[in-house]
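Trainee: Here is a sequence together with a model predicted from it:
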Amino acid sequence: MWFIVLNILVMLVLILSLYSLQKKRVSFSKRVFAGLGLGIVFGLVLQAVYGATSDVLSDSIGWFNIVGRGYVQLLQMIVMPLVFISILSAFTKMKLKNNVGKISGWIIGILVGTTAIAAAVGIATTIGFDLEAIQIEQGDAETARSEQLEERSAAVADLTLPQQILSLIPENPFHDFTGARATSTIAIVIFAAIVGFAYLGVRRKNEEQADFFTKIVDTLHSIVMRIVTLIIRLTPYGVLALMTRVTATSDYNAIWKLGEFVVASYVALLIMFAIHLLLLTFFGLNPITYLKKVLPVLTFAFTSRTSAGTLPLNVRAQTQELGVSEGTANFAGSFGLSIGQNGCAGVYPAMLAVMIAPTVGVNPLSPSFIFTLIAVVAISSFGVAGVGGGATFAAILVLSAMNLPVGLAGLLISIEPLIDMGRTAVNVSGSMTAGVLTDKVTNGLDQSVYDTPTNHAEA
């Protein structure tokens, strides 16, 4: 009991140290990285002292989760209101009157296109590292995971693309506001767009009613954005607690044994992130500026492993730091949660397919296999939204379509959390890149905001 109290007190001291940095007006990004560093060190010390499976550590982490998971839940709380009111506000401010289709088309095209590139990167990396599923030892945990995936694949693999697309359409928006469905966020985007078009119709016939509605939307938008600001101020503390949990509970023996797979995964993810920067450069944007401004967002995505929870930070960075218009930022951030996830739906399933192919006598170096796999990944990255929008579902869809054994995807369960951290960060970067490039192409990007040096002192 006393050890738990001691651990909690240490966490409180670390939180107070971060708060003191805020009082000294240290920049937001530096406080986020300070939280990251302190969390890594504290977590490693806790595991060294108590062991990853000790009751003391487990109980301590339970208390730390009030800060870490609590912060993530606050972000998830504001996701649906933020998406809905921001897109509707873009309509009332006449920013999406004539180009909704064009903006949506560009965003989806970039997301799916970069996911196809991510698949090619995953294939090349796996072949370069000469990775095969047969190299992995299969223990009890891996066997149990394989059985679970086999069971879930029966339901997932039978979904057709039309069924997956149909699941995007809102049936009960109030139900979707709860986030109950895998596609709830996209459904809310569509519902907000429908309300926005209805507003434009009313405005043509009764300007007085439209003006009244505009005032309501503007007021709600101001309140929601204020809530977002208040929650984002807690980011350094959330990152501290989340990173402490990750480093304190990770199975480093498993990571050591599967180190080659971890390294290969991160090489592929880093290459994909570099491609995002190259795309920005190709469109005349400074990639270093982008990198500096999105690092706090990617840091949180990395530590939290939740693209949905990162959405408020994602949208805020796009609009306030990168000069993306509000409507485009919300479309890009929302679509990026479940369409064309570069890490989870691009790199990961492609690597698995190449690793598993030799176990059933398929040559992963065959051009027909490679081109088919890239096409399947690109198509499935759109369909993932219909079945949950996660790496597991993306893997099930791709492996099933390629007639490869789904169960073997469970072999990486011991290092799944570590790899998932990088995948989530790349997913979020992909959605932000799509937002920036779309506004650049449609002449909606505020270049002066993009080029202005970042100032995170007040978050």
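Mentor: That came through fine.

Trainee: Identify each buried residue in whichever strand or helix holds residue 225, please.
Mentor: For residue 225, the enclosing helix or strand under DSSP states H and E is helix 207-232. By 16 or more other C-beta atoms under 10 Å, the buried positions in helix 207-232 come out as 210, 213, 214, 217, 221, 224, 225, 227, 228, 231, 232. In this view, the C-beta of every residue, glycine as well, is placed from N, C-alpha and C.

Trainee: same question for that helix, mean pLDDT?
Mentor: Mean pLDDT, computed over helix 207-232, is 89.

Trainee: do stretch 3-21 as well
Mentor: 92.

Trainee: mind checking how far that stretch is from the chain centre?
Mentor: Relative to the centre of its chain, stretch 3-21 is centred 29 Å away, using C-alpha atoms, centre = their mean, to the nearest Å.

Trainee: May I have that stretch as CSV, with CA atoms only?
Mentor: Extracted in CSV, the C-alpha atoms of stretch 3-21 (Å, rounded to 0.1, in the frame of the first residue of the first chain):
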residue,chain,number,x,y,z
PHE,A,3,4.6,1.7,-2.3
ILE,A,4,1.5,2.6,-4.3
VAL,A,5,1.1,5.9,-2.3
LEU,A,6,4.8,6.6,-3.0
ASN,A,7,4.3,6.0,-6.7
ILE,A,8,1.3,8.3,-6.8
LEU,A,9,3.2,11.0,-5.0
VAL,A,10,6.1,10.8,-7.5
MET,A,11,3.5,11.2,-10.3
LEU,A,12,2.0,14.2,-8.6
VAL,A,13,5.5,15.8,-8.3
LEU,A,14,6.1,15.2,-12.0
ILE,A,15,2.7,16.8,-12.8
LEU,A,16,3.6,19.8,-10.7
SER,A,17,7.0,20.1,-12.4
LEU,A,18,5.2,20.3,-15.8
TYR,A,19,2.8,22.8,-14.4
SER,A,20,5.7,25.0,-13.2
LEU,A,21,7.0,24.9,-16.8
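
Trainee: going forward can the numbers begin at 36, since that is how I track them
Mentor: Will do, 36 is the new start, and the previous item becomes stretch 38-56.

Trainee: which residues sit against that stretch?
Mentor: If you take C-beta atoms under 8 Å, 6 or more residues apart in numbering as the criterion, stretch 38-56 is touched by 65-66, 69-70, 73, 77, 81, 85, 91, 94-95, 98-99, 102, 271-272, 275-276, 279.

Trainee: roughly how far apart are residue 474 and residue 49?
Mentor: 39 Å (C-beta to C-beta, to the nearest Å).

Trainee: Which one's more surrounded, those two?
Mentor: residue 474 (26 against 20; other C-beta atoms under 10 Å).

Trainee: by contact count, what packs against the strand or helix carrying that one?
Mentor: Element membership for residue 474 (DSSP H and E) is helix 451-476. Packed against helix 451-476, as judged by 3 or more C-beta pairs under 8 Å, 6 or more residues apart in numbering; DSSP states H and E, are the following elements: helix 135-164, helix 294-317, helix 322-339, helix 342-351, helix 361-370.

Trainee: so of those helices, which one's packed in deepest?
Mentor: Most buried of the helices and strands packed on helix 451-476 by mean neighbour count (mean count of other C-beta atoms under 10 Å) is helix 361-370; its value is a mean of 28.

Trainee: export that one as PDB, just CAs?
Mentor: Output in PDB follows, covering the C-alpha atoms of helix 361-370 (Å, rounded to 0.1, in the frame of the first residue of the first chain):
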ATOM      1  CA  GLU A 361     -11.900  24.800 -40.900                       C
ATOM      2  CA  GLY A 362     -14.200  22.800 -43.200                       C
ATOM      3  CA  THR A 363     -11.300  21.100 -45.000                       C
ATOM      4  CA  ALA A 364      -9.500  20.300 -41.700                       C
ATOM      5  CA  ASN A 365     -12.600  18.700 -40.200                       C
ATOM      6  CA  PHE A 366     -13.200  16.700 -43.400                       C
ATOM      7  CA  ALA A 367      -9.600  15.500 -43.500                       C
ATOM      8  CA  GLY A 368      -9.400  14.700 -39.900                       C
ATOM      9  CA  SER A 369     -12.700  12.900 -39.800                       C
ATOM     10  CA  PHE A 370     -12.200  10.900 -43.000                       C
END
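
Trainee: Need the contact partners of it.
Mentor: Everything outside helix 361-370 that qualifies as a contact, by C-beta under 8 Å, 6+ apart, is 117-118, 121-122, 124-126, 130-131, 135, 138-139, 142-143, 146, 220-221, 223-224, 346, 349-350, 353-354, 359, 466-467, 469-470, 473-474, 477, 479.

Trainee: relative to helix 361-370, how tilted is the helix holding residue 474?
Mentor: Using axes from the mean of the first three to the mean of the last three C-alpha atoms, to 10 degrees, the inter-axis angle of helix 451-476 relative to helix 361-370 is 150 degrees.

Trainee: tell me the angle of helix 451-476 relative to helix 322-339?
Mentor: 150 degrees.

Trainee: Pull out the buried residues from helix 451-476.
Mentor: 451, 453-475.

Trainee: can you state the direction angle for it and helix 294-317?
Mentor: 10 degrees.

Trainee: how far out from the middle of the chain is helix 451-476?
Mentor: Taking mean C-alpha positions (C-alpha atoms, centre = their mean), helix 451-476 and its chain are 6 Å apart.

Trainee: mean confidence score for that helix?
Mentor: Across helix 451-476, pLDDT averages out at 91.

Trainee: go on, stretch 337-354?
Mentor: Rounded mean pLDDT across stretch 337-354 is 86.

Trainee: Quick one: end-to-end length of it, please.
Mentor: Length of stretch 337-354, first residue to last, C-alpha to C-alpha, to the nearest Å: 21 Å.

Trainee: Likewise for stretch 391-410?
Mentor: End-to-end for stretch 391-410, by C-alpha to C-alpha: 18 Å.

Trainee: hmm, who's touching that stretch?
Mentor: 151, 154-155, 158, 161-162, 167-169, 385, 388-389, 433-434, 437-440, 443-444.

Trainee: Of the residues you listed, keep whichever come out buried.
Mentor: Among the contacts of stretch 391-410, the ones that count as buried (16+ other C-beta under 10 Å) are 151, 154-155, 158, 161, 168, 385, 388-389, 433-434, 437, 439-440, 443-444.

Trainee: which residues sit in contact with residue 111?
Mentor: Residue 111 touches 214, 341, 343, 344, counting by C-beta under 8 Å, 6+ apart.

Trainee: Okay, now the unreliable bits of the stretch 36-185 of the chain?
Mentor: Scanning the stretch 36-185 of the chain for pLDDT under 70 picks out 129-133, 169-185.

Trainee: Show the subsequent helix or strand relative to the helix holding residue 474.
Mentor: helix 482-486.

Trainee: List the buried residues for that following helix?
Mentor: Those would be residue 485, for helix 482-486 by 16+ other C-beta under 10 Å.

Trainee: model confidence over that helix, on average?
Mentor: Mean predicted lDDT for helix 482-486 stands at 92.

Trainee: where's it relative to the chain centroid, distance-wise?
Mentor: 25 Å.
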